[in-house]
Structure formats: C-alpha cells, structure tokens
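Chemist: Below is the structure, and that's it, no one-letter string:
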C-alpha cells in the first residue's frame with residue numbers, strides 16, 4: 001500500500017503525515033513503516049526542518 005502511494009502520487013516527495021492521512025494509518029505506525037522501508041533501501045529520506053520527507057529510492061532493486 002505504501003509503495004503504491006508513492007508510485008501513484010503526482011508529488012514525488014511525501015511527508016509522513018501525507019502518507020498516514022492518505023492511507024488512513026496511524027502516524028506512529030506510518031513512521032515506523034517508512035523508517036523500515038528506508039533501512040531496506042526502498043525509499044529515501046531527508047529532514048526538512050523537524051519533519052522527514054520521503055521519496056522512492058532511485059537505487060532500489062526491482
């Protein structure tokens with residue numbers, strides 16, 4: 001579900017809140033899942049102020 005959102009979004013960069021809201025997930029659960037996908041090399045992350053932003057990794061394996 002999370003990866004589908006990134007693939008289908010017109011915005012290549014999403015916040016944790018945007019992902020949680022779009023998928024109707026809790027913010028804490030979404031955050032954990034996004035950090036796990038980041039550790040797995042599937043998505044990348046950068047802090048924008050106090051909040052991380054996320055995007056699909058260009059280095060990920062298909």
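Modeler: That came through fine. Please read these numbers as outputs of a predicted model, since none were measured by experiment.
Chemist: contacts and neighbour counts: CA atoms only from here.
Modeler: Fine.
Chemist: what's the neighbour count on the residue nearest to residue 38 when sequence neighbours are not counted?
Modeler: Closest residue to residue 38 apart from its sequence neighbours, by C-alpha to C-alpha, 6 or more residues apart in numbering: residue 44 at 5.6 Å. Neighbour count for residue 44, taken as other C-alpha atoms under 10 Å: 21.
Chemist: per-residue pLDDT, residue 44?
Modeler: Per-residue pLDDT puts residue 44 at 98.
Chemist: Now it: which helix or strand?
Modeler: For residue 44, the element it lies in under DSSP states H and E is strand 43-48.
Chemist: Any chance you could list what contacts that strand?
Modeler: For strand 43-48, contacts defined as C-alpha atoms under 8 Å, 6 or more residues apart in numbering pick out 34, 37, 38, 52, 53, 54, 55, 56, 57, 60.
Chemist: how about it: buried residues?
Modeler: For strand 43-48, burial by neighbour count (16 or more other C-alpha atoms under 10 Å) applies to 43, 44, 45.
Chemist: In this protein, which helix is the longest?
Modeler: Counting residues, the longest helix found in the chain (DSSP state H) is helix 27-39.
Chemist: Pull out the buried positions in that helix.
Modeler: Those would be 30, 31, 34, 35, 37, 38, for helix 27-39 by 16+ other C-alpha under 10 Å.
Chemist: which residues touch the fourth one?
Modeler: Same thing as residue 35. Listed by C-alpha under 8 Å, 6+ apart, residue 35 has no contact partners.
Chemist: Point me to the residue sitting closest to the centre of the protein.
Modeler: Nearest to the mean C-alpha position of the chain, by C-alpha atoms, centre = their mean, lies residue 54 at 4.3 Å.
Chemist: That one sits in which helix or strand?
Modeler: Per DSSP H and E: strand 51-56 holds residue 54.
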